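Enquirer: Based on what follows, work out the 3D shape:
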Amino acid sequence: MRKVTTINLNNNAYQIDEDGYEELRAYLDKAECALASNPERAEILADLEQAIADKCRLALGPYKTVVSAAEIERILKEMGAVEGAGDAESAADPGNSRDSDTPAAAGAPRRMYRIYDGAMWSGVCTGLAAYVGVDVAFVRLAFILLTIASVGAGFLVYILMIVLVPKAVTPAEKAAAHGQPFNAQELVDRVKKKHEDFRSERREKRRMRRSAAWWSPPAIQPPPGYAARVTGGVLLPLLTVLSAVWFSCLAIAAYVLWQGRYYAGFDAWPPGSWHGHTDFPRWVALVAIIAIYALLAIPIGAGRRAALYYANGGRPHGWADAWSGLLWIALVAVLLLVAWHQLPQLQELLRHNEHGLRVISL
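Expert: Numbering: from 1, shown residues only. Have a look, this model is predicted:
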């Protein structure tokens with residue numbers, strides 16, 4: 001019969017032999033003394049206790065609820081000593097030696113896990129990249145190409161890996177995913193690197209904010225002057241009229257070109273070098289008309305937006321937006337009605353359009 005002690009390892013309760021408790025307490029005291037000058041001491045000790053707790057959980061079973069002293073000795077031997085402990089004590093205590101011939105010291109074999117650190121969704125690509133030893137960008141690109149080439153089969157493989165591959169939760173599992181030995185010193189180095197990366201990122205953000213402060217324009221722009229507002233108010237109706245006329249020309253030309261194929265009077269249209277080529281694709285001419293329209297419509301639209309800004313007194317929106325929009329719609333409607341009444345070809349085209357459609361359907 002042996003005395004059993006209940007311990008708390010990072011909020012995990014375990015029962016161990018009294019001899020194992022004394023050995024574990026001495027190990028943690030040495031680690032705390034070694035990390036006395038480390039600013040991340042609290043986080044490292046918490047991770048160290050959690051790693052020991054995970055190893056203790058593996059030593060338990062349905063009919064085994066106590067961790068023996070021999071198992072505590074083996075766990076501490078796998079963990080190794082924290083850097084900074086006395087060399088003489090480490091040499092005298094083989095349980096704390098980092099140079100022992102243990103699997104952890106020799107390098108643990110790689111295991112496939114899903115790693116959520118740096119993952120975009122489920123950690124499959126990051127885990128597979130760590131297992132293979134390549135950059136995660138290549139793994140993601142390979143999944144995309146496989147999904148496209150296999151018509152969706154690559155995505156099914158991805159979903160299957162989410163179900164079958166376990167997730168790396170403990171530090172030991174994350175180390176095994178990268179094929180790295182997991183011990184106390186590895187844990188210290190990982191925490192140190194994480195804090196160094198965090199500090200470097202903060203320094204880079206501060207540097208970018210300082211460098212952007214001197215060239216960035218002021219957040220609040222001064223309102224435009226009276227002359228600029230008058231100029232914008234004068235140019236706005238002119239540009240609105242020009243935009244409405246140019247759009248109406250596009251609408252009439254596109255209608256004649258697209259619907260004219262149903263009427264014999266337009267079989268030789270467009271004119272010029274295409275005259276007489278009835279088999280010429282009409283959609284090519286339609287694309288050309290739209291491209292010609294865009295060449296002038298884009299600068300007109302930019303001028304209207306600038307005129308709106310100054311006419312509104314520097315505000316994003318104002319009365320000029322509603323006035324310009326209503327004027328544009330009214331002008332387009334009037335121009336299309338005038339074209340309808342002044343161009344008999346359009347009326348004749350509409351009268352023959354229904355007959356042409358019946359002929360094509362036959």
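
Enquirer: okay, CA-based contacts and neighbour counts for the rest of this
Expert: Will do.

Enquirer: Do a quick rundown of the helices in the stretch 1-150 of the chain.
Expert: All helices of the stretch 1-150 of the chain, identified by DSSP state H, counting those that start in this stretch, fall at 18-34, 41-59, 69-79, 87-92, 103-106, 124-132, 136-149.

Enquirer: Return the most buried member of the ones you listed.
Expert: Of these, the one with the most neighbours on average (mean count of other CA atoms under 10 Å) is helix 124-132, at a mean of 24.

Enquirer: Adding mean pLDDT and distance to W283, write the helices of the stretch 1-150 of the chain out as TSV.
Expert: Output for the helices of the stretch 1-150 of the chain, formatted as TSV (pLDDT from 0 to 100; distance: least, CA to CA, whole Å):
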stretch	mean pLDDT	distance to W283
helix 18-34	87	78
helix 41-59	84	68
helix 69-79	86	74
helix 87-92	38	84
helix 103-106	42	70
helix 124-132	89	45
helix 136-149	88	31
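
Enquirer: what about the stretch 151-300 of the chain, any weak spots by pLDDT?
Expert: Flagging of the stretch 151-300 of the chain using pLDDT under 70 yields the residue ranges 181, 211-221, 258-282.

Enquirer: for the host helix or strand of I162, packing partners?
Expert: Using DSSP states H and E, I162 maps to helix 153-164. Packing partners of helix 153-164 (3 or more CA pairs under 8 Å, 6 or more residues apart in numbering; DSSP states H and E): helix 124-132, helix 136-149.

Enquirer: Now find how far off-centre the helix or strand where A294 lies is within its chain.
Expert: A294 is part of helix 282-311 when elements are defined by DSSP H and E. Here helix 282-311 shows a centroid-to-chain-centroid distance of 34 Å under the convention CA atoms, centre = their mean, to the nearest Å.

Enquirer: Check stretch 37-44 too.
Expert: Mean-position distance between stretch 37-44 and its chain equals 33 Å (CA atoms, centre = their mean).

Enquirer: contact partners of that stretch?
Expert: The contact list for stretch 37-44, computed with CA atoms under 8 Å, 6 or more residues apart in numbering, reads 32, 35, 187-188, 191-192.

Enquirer: between these, which is nearest I7?
Expert: Using CA to CA, E32 comes nearest to I7 of the contacts of stretch 37-44, at 17.3 Å.

Enquirer: ok, back up a step: pull out the buried residues from the helix holding A294.
Expert: Buried residues in helix 282-311, defined by neighbour count with 16 or more other CA atoms under 10 Å: 282, 285-286, 289, 294, 297, 300, 303-305, 307-311.

Enquirer: just the angle between the helix or strand hosting R206 and helix 69-79, please?
Expert: Per DSSP H and E, R206 falls inside helix 184-213. Between the axis of helix 184-213 and that of helix 69-79 there is an angle of 40 degrees, by axes from the mean of the first three to the mean of the last three CA atoms, to 10 degrees.

Enquirer: who does helix 184-213 touch, helix- and strand-wise?
Expert: Using 3+ CA pairs under 8 Å, 6+ apart: helix 184-213 touches helix 41-59.

Enquirer: Dump the C-alpha coordinates for the helix it packs on into PDB.
Expert: Only the C-alpha atoms of helix 41-59 are listed here, as PDB (Å, rounded to 0.1, in the frame of the first residue of the first chain):
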ATOM      1  CA  ARG A  41       7.800  32.800 -17.000                       C
ATOM      2  CA  ALA A  42       4.100  32.500 -16.100                       C
ATOM      3  CA  GLU A  43       3.100  31.400 -19.600                       C
ATOM      4  CA  ILE A  44       6.100  28.900 -19.900                       C
ATOM      5  CA  LEU A  45       5.300  27.300 -16.600                       C
ATOM      6  CA  ALA A  46       1.600  27.000 -17.500                       C
ATOM      7  CA  ASP A  47       2.500  25.300 -20.800                       C
ATOM      8  CA  LEU A  48       5.000  23.100 -19.000                       C
ATOM      9  CA  GLU A  49       2.400  22.000 -16.500                       C
ATOM     10  CA  GLN A  50      -0.100  21.400 -19.300                       C
ATOM     11  CA  ALA A  51       2.400  19.300 -21.200                       C
ATOM     12  CA  ILE A  52       3.100  17.100 -18.100                       C
ATOM     13  CA  ALA A  53      -0.700  16.800 -17.500                       C
ATOM     14  CA  ASP A  54      -1.200  15.600 -21.100                       C
ATOM     15  CA  LYS A  55       1.500  12.900 -20.600                       C
ATOM     16  CA  CYS A  56      -0.100  11.900 -17.200                       C
ATOM     17  CA  ARG A  57      -3.500  11.500 -19.000                       C
ATOM     18  CA  LEU A  58      -2.000   9.100 -21.400                       C
ATOM     19  CA  ALA A  59      -0.700   7.000 -18.500                       C
END
